[in-house]
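K.L.:
Need a 3D model of the sequence below.
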Amino acid sequence: MKNTWGKLSVFAVIFIVLFAVFGTYSASREAAPDKSIYKNLKTFNEVLDIVQKNYVDEVDLGALIQGAVNGMIKTLDPHSTFMTADLYKELEVETQGQFGGIGIEITILRDVLTVVSPIEDTPAFNAGVLSGDQIIKIDGKSTKDITIMEAVKKLRGPKGSQVTITIMRENTPQPRDITLTRAMIQIKSVKAKIFDDHIGYIRLASFHERTAADLRKALDELSVKAKPMKGLVLDLRNDPGGLLNQAIEVSDMFLKSGVIVSTRGRTKTMETKSSARDDGDRDVTVPMVVLVNEGTASAAEIVAGALQDNGRALIVGTQTFGKASVQTVIPLEDGSALKLTTARYYTPSGKSIQAEGIKPDIVVKLLRPDGEKEAGPEEMLREKDLEGHISPAGEDGTKLEENNSKAVQEATDIARDSQLKTAIDILKSWQIMQNNLNR
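P.N.:
Sure thing, here's the model as predicted:
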């Protein structure tokens, strides 16, 4: 019994330390936890003691506690996670926009590791991995009960090394193994092009540390090449998001005033409001169309929502993913970290799009080439499909290599991209109307 209560004391200390850590994120101290919490901790300690003494094989106490922490966080929402020191380093590498891997965004959907979207020009994309594909094995080992960060660690590795993923796809009778050679994934978040001499096109693939700086450089180059630029298409399709501060900086480049985004959580420190600043001639003022689809998520939705609510751009495409939650990364003393959902974000109009997404001003489905069937709304992976997602505030054997849509691979080919063609036609019409009104 002495040993049991000794362990309880250790665990109680761990709990108090964790409680103190979270207290630093609160503007006012919450009421002390009630006695039922300590009663539950006693139950936890009793189970821990029984398992350690009686399990058929000898167990590692640290591994048991870490497993308990993982289980606790998994009961919250799909975006909260506990990261060991190694996994935390992986996250830090990812935000820098360069890492060794295969190039996919993943999530857990109905307890299965699932692809949200492949990243353009990466091994996974070139092999034909698609949004919605289930990864049931990695190097022959089942992914059952795997966490996101554990999967990330297994999929990443040195350039030139190989990893085999076993894919199960809807309407495909048998799983298929795909062996991929890892590459240095350098996420080029900004791509730019000119259409018809005067219409600029910018594609944002993600939001990492350099996105805003790269976008500013691309805008400056477009302004010179367009002579002058009379319209701009901002393509946010299949952009899974990223850093909140980059979404704010990107939005600010197109707005002279107005709210960009606000956040609200349980604590005062999570209440923020970001507004645009007038940067004079540095702000882009030409007419804009923003392209979105079901793969537009998180930070990309913040930009689309800010431009839509401020009347700055016309939103064209299909309804977005619907991730409107904010994750805070809290480092812990041993080098591990907790990525915790701490707030919801709201568009300038005060609306939460959590699990709902942004509705385009003009709905345009992507028409697939060669008669390929367009996915229906029920087949598209969105936030509302993720098990445990937080609610809105107040409430056949086709080869995989051949199945990646050319309409996605050739994102700037107007003949293959009905959404892009619509955006450019809108901007052309805008120019014609302006010319006629100025006569």
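K.L.:
wait, is Lys428 part of a strand?
P.N.:
No. Lys428 is assigned helix when assessed by DSSP: H, G, I helix; E, B strand; the rest coil, not a strand.
K.L.:
In contact with it, which residues?
P.N.:
Residues in contact with Lys428 (C-beta atoms under 8 Å, 6 or more residues apart in numbering) are 196, 199, 231. C-beta here means a position set from N, CA and C on the backbone, and glycine is covered the same way.
K.L.:
of the residues you listed, buried ones?
P.N.:
Of all those considered here, the ones buried according to neighbour count by 16 or more other C-beta atoms under 10 Å are 199, 231.
K.L.:
Next, count neighbours for the residue nearest to Ala192 when sequence neighbours are not counted.
P.N.:
The spatial neighbour of Ala192 that comes closest, neighbours along the chain excluded (C-beta to C-beta, 6 or more residues apart in numbering), is Ala218 at 4.2 Å. Counted with other C-beta atoms under 10 Å, the burial measure for Ala218 works out to 19 neighbours.
K.L.:
I'd like the contacts of Lys428 as JSON lines, with pLDDT, secondary structure and distance to Ser429 appended.
P.N.:
Conversion of the contacts of Lys428 to JSON lines gives the following (pLDDT from 0 to 100; DSSP: H, G, I helix; E, B strand; the rest coil; distance: C-beta to C-beta, whole Å):
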{"residue": "Asp196", "pLDDT": "86", "secondary structure": "coil", "distance to Ser429": "13"}
{"residue": "Ile199", "pLDDT": "94", "secondary structure": "strand", "distance to Ser429": "12"}
{"residue": "Gly231", "pLDDT": "95", "secondary structure": "strand", "distance to Ser429": "10"}
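K.L.:
could you dump the contacts of Lys428 to CSV with distance to Gln174?
P.N.:
Putting the contacts of Lys428 into CSV (distance: C-beta to C-beta, whole Å) gives the following:
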residue, distance to Gln174
Asp196, 47
Ile199, 46
Gly231, 48
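K.L.:
At which residues are the strands of the stretch 251-400 of the chain located?
P.N.:
For the stretch 251-400 of the chain, the strands identified by DSSP state E, counting those that start in this stretch occupy 259-265, 272-275, 288-292, 314-317, 325-331, 337-346, 362-363, in order along the chain.
K.L.:
Over to the residue nearest to Ala192. Which of the three states is it?
P.N.:
Note that with three-state DSSP, the state of Ala218 is helix.
K.L.:
That one and Val224: what is the separation?
P.N.:
Counting by C-beta to C-beta, to the nearest Å, the gap between Ala218 and Val224 amounts to 11 Å.
K.L.:
and Leu420, what are its phi and psi?
P.N.:
Listed backbone geometry of Leu420 is phi -60, psi -40, with angles given as degrees, to the nearest 10.
K.L.:
That one against Asp235, yeah?
P.N.:
Yes. In terms of C-beta atoms under 8 Å, Leu420 counts as a neighbour of Asp235; the distance is 7.3 Å.
K.L.:
can you map out the helices along the stretch 301-439 of the chain?
P.N.:
Applying DSSP state H, counting those that start in this stretch to the stretch 301-439 of the chain gives helices spanning 406-409, 418-437.
K.L.:
ok, now which ones touch Val292?
P.N.:
Under the criterion of C-beta under 8 Å, 6+ apart, the neighbours of Val292 are 236-237, 300-301, 304, 315-318, 320, 358, 360.
K.L.:
Fine by me, we can end here.
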